[in-house]
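S.K.: what would the 3D arrangement of this be:
(one chain, ligands or ions: 3)
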Amino acid sequence: MNNDKKLKEILGRFGIELYGIVNDSKPSTYPSFLAWVNRGDHGELGYLADHRKDKREDIRNYFPDFAQALVMSFDYSKSSKILQEFYQSPESNGAKIASYVMGFDGIDYHFYLRDKLQKIADEIKALDSDLDIQFTLDTQPVLERDLAHKAGLGWFGKNSMLINKSKGSFFIIGSLLLSKKLFHQTHSVDTDHCGNCTKCIDLCPTDAIDVQNRTIFADKCISTFTIELFKDAEPPIGIEKSGGEIYGCDICQDVCPWNIKLLKNLEVTDEERVEFSSKNKDVIEMFLKRPIKDIVETLNNMSNRQYKKKLAASPIARTGRVGMLKNLMSFLRR
Ligand code: B12
Ligand code: SF4
Ligand code: SF4
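M.R.: Ligands and ions are numbered 1, 2, ... in the order given. As a prediction, the model looks like this:
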């Protein structure tokens, strides 16, 4: 079996259908990223504008032996579908949590997918014992949407999400960077399929989408406010028009016709629903059912450590107790 076939077989066993190969270490859209930072559109996200900004110019600044990237999509669309249905049910308290949070057995994808990437890396190493492998998964200084675009995984939507015609945008991008060219590039780069649609722009409650530049004003984005700001802070103007987001924001993905079509046809079995509810029980019970005032009271009676401990495995631990209280108080004022 040649390496390409072997790779397909390995990734198939990990449930990965959408992936691609990139040989170029320099992101073509680095100038767009630099312009974004220079305009100050990164706002409070200082880690994008410090020395790590220059690192993003070439993957070799992060992994000097780079020869090739294996770029993969990790789907969480079933979580999106189950949560959308839950929000319509009488059990919902009106609060909403980004669906990636519950898409990986309730575990923070930085841990969950890192393990998966490590297992895939081990299998690929068996093809060539001289191979070095490094991974990139969100926090490394790599322009991952650029990488995914080059790998043929989709196009840059007007909401700035990387979107795939048949898989939508409810997926995380994770890559293995290889020190040797082991595989052939098979996918071609996708073209734009947004056309005249402006749904995400029209329905973003805080006008956070920069139409002209196809990027986001980070400070206006509810995702920044609810995930990245850990102390008390002013919410972006317009948040009162949102649907109760208390951690992350999926609005510009939920309204995208490509995702609507995907979720409509997506089958979720009863077993998957039961498993979803059991793996995400803590977060659902704590945040999505009880009156918001009661949740605030619970958090007020907890220490910061107790909060972190209770939610240790979930991405929700990120904001800390104080950051989550900020999100809940903003919800109550809407
Ligand atoms: C900083 C960051 C954020 C910030 C800023 C988001 C943003 N759009 O810039 C905040 C906190 C707001 C955020 C929110 C979210 N994020 Co985020 N985030 C990142 C991070 C760490 C860096 C992104 C970045 O460099 N932004 C700067 C801008 C300029 O870059 P960009 O949006 O990637 O845009 C590129 C292209 O659009 C292109 N481009 C720019 N201008 C133009 C113009 C034209 C005409 C064209 C064609 C292209 C183009 O060049 C840019 C650079 O490559 C990446 C991980 C990584 N290491 O890349 C994850 C990442 C982008 N986030 C991700 C996710 C899942 C989210 C959320 C959905 C989470 C949530 N539910 O709340 C939201 C979505 C918000 C949104 N609509 O973008 C995923 C996206 C997966 C995908 N399918 O696209 C990533 C890739 C993490 C991962 N490994 O999967 N995020
Ligand atoms: S994530 Fe929410 S706030 Fe941010 S651009 Fe999309 S719809 Fe707007
Ligand atoms: S909602 Fe429309 S404009 Fe926005 S990303 Fe989806 S297809 Fe593109």
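
S.K.: if we look at the one helix or strand in the chain whose mean pLDDT sits lowest, which residues are touching it?
M.R.: Least confident element among the helices and strands of the chain, by mean pLDDT, DSSP states H and E: helix 51-55 (a mean of 92). Contact with helix 51-55 is made by 33-34, 37, 61-62, 141, as judged by C-beta atoms under 8 Å, 6 or more residues apart in numbering. (Glycine included, C-beta is placed from N, CA and C.)

S.K.: got a winner among the residues you listed for most neighbours?
M.R.: For the contacts of helix 51-55, counting by other C-beta atoms under 10 Å, the largest number of neighbours falls to residue 33: 19 neighbours.

S.K.: give me the next element, helix or strand, following the helix or strand harbouring residue 115.
M.R.: Using DSSP states H and E, residue 115 maps to helix 109-125. Per DSSP H and E, the first helix or strand lying C-terminal to helix 109-125 is strand 133-136.

S.K.: please save the CA atoms from the least confident helix or strand of the chain in CSV.
M.R.: Coordinates of each C-alpha in helix 51-55 appear next as CSV, following Å, rounded to 0.1, in the frame of the first residue of the first chain:
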residue,chain,number,x,y,z
HIS,A,51,6.5,38.8,18.8
ARG,A,52,4.2,35.9,17.8
LYS,A,53,2.8,38.0,15.0
ASP,A,54,6.1,37.7,13.1
LYS,A,55,6.3,34.0,13.8
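
S.K.: buried residues in stretch 100-118, which are they?
M.R.: 100-104, 106-109, 112-113, 116-117 (16 or more other C-beta atoms under 10 Å).

S.K.: can I get these in JSON lines including pLDDT and distance to ligand 1?
M.R.: Shown next, in JSON lines, are these (pLDDT from 0 to 100; distance: C-beta to the nearest ligand atom, whole Å):
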{"residue": "100", "pLDDT": "98", "distance to ligand 1": "6"}
{"residue": "101", "pLDDT": "98", "distance to ligand 1": "8"}
{"residue": "102", "pLDDT": "98", "distance to ligand 1": "11"}
{"residue": "103", "pLDDT": "98", "distance to ligand 1": "10"}
{"residue": "104", "pLDDT": "98", "distance to ligand 1": "12"}
{"residue": "106", "pLDDT": "97", "distance to ligand 1": "16"}
{"residue": "107", "pLDDT": "97", "distance to ligand 1": "15"}
{"residue": "108", "pLDDT": "97", "distance to ligand 1": "12"}
{"residue": "109", "pLDDT": "98", "distance to ligand 1": "8"}
{"residue": "112", "pLDDT": "98", "distance to ligand 1": "13"}
{"residue": "113", "pLDDT": "98", "distance to ligand 1": "9"}
{"residue": "116", "pLDDT": "98", "distance to ligand 1": "13"}
{"residue": "117", "pLDDT": "98", "distance to ligand 1": "11"}
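
S.K.: count of neighbours near the residue of the stretch 201-334 of the chain found nearest ligand 3?
M.R.: As assessed by C-beta to the nearest ligand atom, ligand 3 sits closest to residue 256 within the stretch 201-334 of the chain, at 3.3 Å. By the criterion of other C-beta under 10 Å, residue 256 has 25 neighbours.

S.K.: ok, now residue 259?
M.R.: For residue 259, the count of nearby residues is 25 (other C-beta under 10 Å).

S.K.: so what's it scoring on pLDDT?
M.R.: On the pLDDT scale, residue 259 is placed at 98.

S.K.: give me the phi and psi for residue 187.
M.R.: phi -90, psi 150 (degrees, to the nearest 10).

S.K.: mind checking how far residue 196 is from residue 251?
M.R.: 20 Å (C-beta to C-beta, to the nearest Å).

S.K.: which of those two has more neighbours?
M.R.: residue 251 (22 against 4).

S.K.: tell me the contacts of that one?
M.R.: Listed by C-beta under 8 Å, 6+ apart, the contact partners of residue 251 are 200, 203-205, 222, 242-243, 245.

S.K.: swap in residue 111?
M.R.: Residue 111 makes contact with residue 313 under the criterion C-beta under 8 Å, 6+ apart.

S.K.: ditto for the one 5 residues further on
M.R.: Applying C-beta under 8 Å, 6+ apart, one finds that residue 116 lies in contact with 14, 74, 174.

S.K.: give me that answer again for 7 Å
M.R.: Contacts for residue 116 (C-beta atoms under 7 Å, 6 or more residues apart in numbering) come out as residue 14.

S.K.: give me the element residue 232 is part of.
M.R.: Going by DSSP H and E, residue 232 is not in any helix or strand.

S.K.: so which bits of this protein are right by ligand 1?
M.R.: Within the chain, the positions adjacent to ligand 1 are 27, 29, 32-33, 36, 45, 48, 98, 100, 137-138, 142-146, 156, 159-162, 169, 171-173, 213-216, 218, 221, 223-224, 227-228, 248-250, 252 by C-beta under 6 Å from any ligand atom.

S.K.: which residues are in contact with the closest residue to ligand 2 within the stretch 51-200 of the chain?
M.R.: In the stretch 51-200 of the chain, no residue comes nearer to ligand 2 than residue 159, which is 5.7 Å away by C-beta to the nearest ligand atom. Counting by C-beta under 7 Å, 6+ apart, residue 159 touches 200, 209, 252-253, 256.
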